[in-house]
Structure formats: structure tokens, C-alpha cells
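Novice: Structure of the sequence below:
(one chain, ligands or ions: 1)
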Amino acid sequence: MNKRTKRKMRSHPNSILFLTSNRHKAAEAQTILKPFGVRIFSKPAKGIEIQSDSIEEVARVCAVFAYKRFRRPLLVEDSGLFVDSLNGFPGVYSRAVYDQVGCAGILRLLAQERRRSAKFVCALAYADSKGVRIFKGTVFGKIALRKSFGAGFGYDPIFIPMGYSKPFSKIPTIKSTLSHRARAFESFGRYMLKKSKRL
Ligand code: ITT
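Specialist: Numbering: from 1, shown residues only. So this is what the prediction gives:
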């Protein structure tokens, strides 16, 4: 961690290191955690990625490795898009699939498919001296017929949350309240509030 990040973190007592190389994830997490008085500082999670068929396992193991390295409370998040008619694909491969074929690749795979239900899942691992705790968040929805532009990142242009007619990329404020990430980080925020009251 560079000196500037260390200095910033010292000046915010409720600051937590969030290991991610995805700046969109970091920005969303910061917005969600603000009302809980938690400030995050992000840093790329270099060299601590593992392969597993469970996002929870990926987040947990990375958090354990990272805590051994940094010796301070930290967060690691693994998330993915799970499409029912593709038996949960791309799931843990969401990043690699997005990098290779993007939203267009998923739309192609579903071209003749009427069953378009899908979910986003987020597994957030918090590591401190007591061990690792997992906070999970899920949002159900469906894959759009075509890509819509707008805000967001990754599969946001093709994921329509249940109860809405537009994809996340067109409804960013809704995304920030009901996404998989909002749900996982909010339960982490509530946990931190309870913890600070116990002190
Ligand atoms: P880190 O592992 O460094 O945190 P990453 O982008 O590799 O960043 P993940 O492996 O957790 O993060 O995410 C897998 C991919 O799933 C991600 O790259 C996006 O393409 C997609 N994804 C995750 N959350 C998303 C969201 O809220 N909206 C759209 N796509 C999302």
C-alpha cells in the first residue's frame, strides 16, 4: 500500500481496504457504505486470485490470503452473472467471458432461447483478526433481448431486474438500491454498525 493511501486511511477511523481492480465496483461500494459511516479505500487485488466453482469460496480464500499479507481489516468481493438456461454460466467465469465476448456473446448464446431468467450474485468477504465473514447478495431478473447503452459496467446493459422493464445500465439509481452488491454491502454496513455499538 502506498504512503498516500496509508495516510488517508489513518485520517478516517472507519476506513476499510477494499481489494479490487474494478473501479466501478469500488465506486458502487463507496456509495452504498456511505450512510453506514464506512469509508473504503480500494487497491488492485494483484496476485491473490484463485479458481473455484464457488464465488463464496473465491472471496473467502482471497480474503484469507490478503489478510495474511496486509494484516489489517479488509474486503474482497467476487460476483457473477448466472443464467438459468445456461446452467448458471458464466457464473464464476463472468469476468473472463465478459473480457472475451462481452454482452454480445451472452446475447448470442441466448438467441433462440425463450427462458431468459438470470441472477447476479455477490459474495463479500470481510477479514479481520477474528477471521473471515461472508455477506451475500442476490438480485433476480432476466437477460434482455438486446443491449441498451447507458451507465454502469459489465453486464449492466443486458440485465433487467425483476419488476422493471429496463436494464441496470438505464436505471443506475435503482441498481444502487437493489443490486446484488447493494444487498451484500448493506448487510456488511449493518454488521459494522452493530459492531461499533458493541465497542
Ligand atoms: P475484482 O475481482 O478485481 O474485484 P472483477 O471485475 O474481476 O474485479 P469479479 O470477478 O467479481 O470482478 O466480477 C466478474 C464480472 O462480473 C465483472 O468483471 C463484470 O463483468 C460482471 N459483474 C459483476 N458485478 C456486476 C455488476 O454489478 N454489473 C454488471 N456486471 C457485473
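
Novice: which residues of this structure fall in helices?
Specialist: Using DSSP state H, the helices of the chain run over 3-11, 23-33, 55-70, 94-109, 172-178, 180-198.

Novice: low pLDDT regions in this structure?
Specialist: 1-13, 47-48, 198-199 (pLDDT under 70).

Novice: For residue 86, find the nearest of the helices of the chain.
Specialist: Relative to residue 86, the nearest member of the helices of the chain by CB to CB is helix 94-109, separated by 6.2 Å. Using the backbone N, CA and C atoms, a C-beta is placed for each residue, glycine as well.

Novice: List the buried residues of the closest one.
Specialist: Buried residues in helix 94-109, counted by 16 or more other CB atoms under 10 Å: 94-95, 97-98, 103, 106-107, 109.

Novice: For the residues you listed, which two are the farthest from each other?
Specialist: Top of the distance list for the buried residues of helix 94-109 (CB to CB): 95 and 107, 17.9 Å.

Novice: Can you add distance to the ligand and give the buried residues of helix 94-109 back as TSV?
Specialist: Output for the buried residues of helix 94-109, formatted as TSV (distance: CB to the nearest ligand atom, whole Å):
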residue	distance to the ligand
94	3
95	4
97	8
98	4
103	9
106	10
107	14
109	15
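
Novice: Relative to residue 44, which of these is nearest.
Specialist: Using CB to CB, the buried residues of helix 94-109 come closest to residue 44 at residue 95, 13.5 Å.

Novice: quick one on the thing from earlier: want to throw the helices of the chain into JSON lines with distance to residue 154?
Specialist: Output for these, formatted as JSON lines (distance: least, CB to CB, whole Å):
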{"stretch": "helix 3-11", "distance to residue 154": "25"}
{"stretch": "helix 23-33", "distance to residue 154": "8"}
{"stretch": "helix 55-70", "distance to residue 154": "14"}
{"stretch": "helix 94-109", "distance to residue 154": "6"}
{"stretch": "helix 172-178", "distance to residue 154": "11"}
{"stretch": "helix 180-198", "distance to residue 154": "11"}
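
Novice: I'd like to know which of the ones you listed is closest to residue 127.
Specialist: Within the helices of the chain, the stretch nearest residue 127 is helix 55-70; the backing value is 3.9 Å (CB to CB).

Novice: CA atoms only: put the closest one into CSV for me.
Specialist: Output in CSV follows, covering the C-alpha atoms of helix 55-70 (Å, rounded to 0.1, in the frame of the first residue of the first chain):
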residue,chain,number,x,y,z
ILE,A,55,-17.8,-17.3,-5.8
GLU,A,56,-18.1,-17.5,-2.0
GLU,A,57,-15.0,-19.7,-1.9
VAL,A,58,-13.1,-17.3,-4.2
ALA,A,59,-13.9,-14.4,-2.0
ARG,A,60,-13.2,-16.3,1.3
VAL,A,61,-9.8,-17.7,0.2
CYS,A,62,-8.7,-14.4,-1.3
ALA,A,63,-9.6,-12.6,1.9
VAL,A,64,-7.6,-15.0,3.9
PHE,A,65,-4.5,-14.6,1.7
ALA,A,66,-4.9,-10.8,1.6
TYR,A,67,-5.3,-10.6,5.4
LYS,A,68,-2.0,-12.5,5.9
ARG,A,69,-0.3,-10.1,3.6
PHE,A,70,-1.8,-6.7,4.8
